[in-house]
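A.B. asks: build the 3D model from these lines:
(one chain, ligands or ions: 1)
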Amino acid sequence: MRFFSFTAEGRRGLALATPGGYRGCLEGEAGWPGDLDTLLREDRLAEAATALAACGPVDQGDVTPALPFNRADKVLCVGLNYADHAAESKMETPPFPTVFARFNSNLIAHGANLVRPAASEMFDYEGELVAVIGKPGRAIPKERALDHVAGYTIFNDGSIRDFQLRTNQWTVGKNFDGTGAMGPVFVTADELPPGAAGLRLTTRVNGQVLQDASTSLLIFSVADLVSMLSIGMELRPGDLIVTGTPSGVGMARDPKVFLRPGDTCEVEIERIGILSNPVVAEEDESRKALSAA
Ligand code: ZN
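C.D. replies: Below you'll find the predicted structure:
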């Protein structure tokens with residue numbers, strides 16, 4: 001199943017891909033099953049798919065894409081999870097996943113503006129696969145780990161490098177407002193290879209390919225991450241594990257490449273889709289807000 005969250009007429013909407021195109025409805029209409037965060041928590045994805053398939057057609061061009069998930073209890077991001085990226089970052093390949101947190105509040109949907117902050121010009125991209133937890137568990141054995149993953153989506157772990165590297169805790173540089181993007185679709189695990197392994201991941205800026213790798217190159221696979229991260233904390237439906245980025249980030253290039261206003265950054269994962277966002281300057285945003293007032 002492939003779900004697409006959106007807004008239209010000021011209301012939330014959810015659509016399902018069917019052989020005849022997307023079908024879906026808006027909150028308040030007959031057939032509205034709830035948003036994806038609710039459906040995962042209540043274990044009602046299959047029921048929702050049946051309801052949505054009976055709804056009317058949704059033209060993705062006529063609606064505004066929304067974040068597939070915006071109420072995750074945890075957004076766990078994994079750093080240095082591709083050997084070539086650890087090497088280009090001049091960091092050791094870690095013996096245990098290097099995890100930092102992102103917060104829902106700084107994430108934006110497909111098509112929305114990535115905001116280069118006024119405080120820094122070192123705005124970098126990171127294309128990543130996201131594993132979405134569907135079944136709760138703690139201390140999950142690796143053999144059963146993939147049973148806890150409901151599906152997958154795409155992430156751009158936009159990073160403000162000077163702030164990220166100012167201390168050895170990355171949280172500030174990874175949580176500037178409007179710097180992380182996710183979506184546009186949520187694809188259930190049954191549609192993809194186990195652990196979403198073997199999928200090509202590419203990141204493009206203005207059409208130029210800057211990252212190109214296979215998800216099989218993850219140091220800690222999706223099953224490893226679910227098992228290792230659940231050692232101490234219960235993973236719950238809707239929790240997001242953002243699995244790390246391959247080599248080719250802008251900071252490691254010579255010359256360095258940072259996202260600039262007017263750029264378009266796209267992350268594509270084979271068999272999932274394309275996450276595309278324009279980049280604007282924070283200054284432009286505030287000027288627009290001021291001139292509209
Ligand atoms: Zn990352």
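
A.B. asks: beta partners of Phe186?
C.D. replies: Phe3 (DSSP bridges).

A.B. asks: what pLDDT does it get?
C.D. replies: In this model, Phe186 is scored at 98, pLDDT.

A.B. asks: the one 10 residues further on too?
C.D. replies: We have a pLDDT of 98 for Ala196.

A.B. asks: and what of Ala72?
C.D. replies: For Ala72, the model assigns a pLDDT of 97.

A.B. asks: got the contact list for the residue of the stretch 1-150 of the chain found nearest the ion?
C.D. replies: Taking C-beta to the ion, the ion has its nearest neighbour within the stretch 1-150 of the chain at Glu126, 4.0 Å off. From N, CA and C alone the C-beta is placed, and that goes for glycine too. By C-beta atoms under 8 Å, 6 or more residues apart in numbering, the contact list for Glu126 reads Phe155, Asn156, Asp157, Gly158, Ser159, Thr203, Thr245, Val249.

A.B. asks: and these near the ion, which?
C.D. replies: When contact is defined as C-beta under 5 Å from the ion, the contacts of Glu126 meet the ion at Asp157, Thr245.

A.B. asks: scan the contacts of Glu126 and report the most crowded one.
C.D. replies: Highest neighbour count within these: Thr245, with 30 neighbours (other C-beta atoms under 10 Å).

A.B. asks: do I have it right that it meets Asp212?
C.D. replies: No - contact between Thr245 and Asp212 fails when scored by C-beta atoms under 8 Å: they sit 11.8 Å apart.

A.B. asks: circling back: make a markdown table from the contacts of Glu126 and add pLDDT and secondary structure to it.
C.D. replies: Below are these laid out as a markdown table (pLDDT from 0 to 100; DSSP: H, G, I helix; E, B strand; the rest coil):
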| residue | pLDDT | secondary structure |
| --- | --- | --- |
| Phe155 | 98 | strand |
| Asn156 | 98 | strand |
| Asp157 | 98 | strand |
| Gly158 | 98 | coil |
| Ser159 | 98 | strand |
| Thr203 | 98 | strand |
| Thr245 | 96 | coil |
| Val249 | 96 | coil |
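
A.B. asks: ok, the contacts of Glu126 vs Leu107, which is closest?
C.D. replies: Phe155 (8.6 Å; C-beta to C-beta).

A.B. asks: that closest one contacts Phe186, correct?
C.D. replies: No - applying C-beta under 8 Å, one finds Phe155 not in contact with Phe186, separated by 11.9 Å.

A.B. asks: relative to Thr203, how far out is the residue of the stretch 1-150 of the chain closest to the ion?
C.D. replies: Plainly put, Glu126 is 8 Å away from Thr203 if you go by C-beta to C-beta, to the nearest Å.

A.B. asks: joint contacts of those two?
C.D. replies: Joint contacts of Glu126 and Thr203 (C-beta under 8 Å, 6+ apart) are Asn156.

A.B. asks: what does the stretch 51-200 of the chain put close to the ion?
C.D. replies: Glu126, Asp157.

A.B. asks: can you give me the strands for the stretch 51-200 of the chain?
C.D. replies: 56-57, 64-65, 75-79, 98-102, 107-109, 114-116, 123-124, 127-133, 149-157, 159-160, 180-182, 185-188, 200-205 (DSSP state E, counting those that start in this stretch).

A.B. asks: what pairs with the last one, parallel or antiparallel?
C.D. replies: So that's strand 200-205. By DSSP bridges, strand 200-205 pairs with strand 208-214 (antiparallel), strand 264-269 (antiparallel).

A.B. asks: run the angle between it and strand 127-133 for me.
C.D. replies: Using axes from the mean of the first three to the mean of the last three C-alpha atoms, to 10 degrees, the direction of strand 200-205 lies 130 degrees away from that of strand 127-133.

A.B. asks: buried residues, strand 200-205. List them.
C.D. replies: Neighbour counts over strand 200-205 (16 or more other C-beta atoms under 10 Å) mark Leu201, Thr202, Thr203, Arg204, Val205 as buried.

A.B. asks: distance between that strand and the chain's centre?
C.D. replies: 14 Å (C-alpha atoms, centre = their mean, to the nearest Å).

A.B. asks: what's it in contact with?
C.D. replies: 125-129, 156, 209-215, 246, 248, 257, 259, 263-270.
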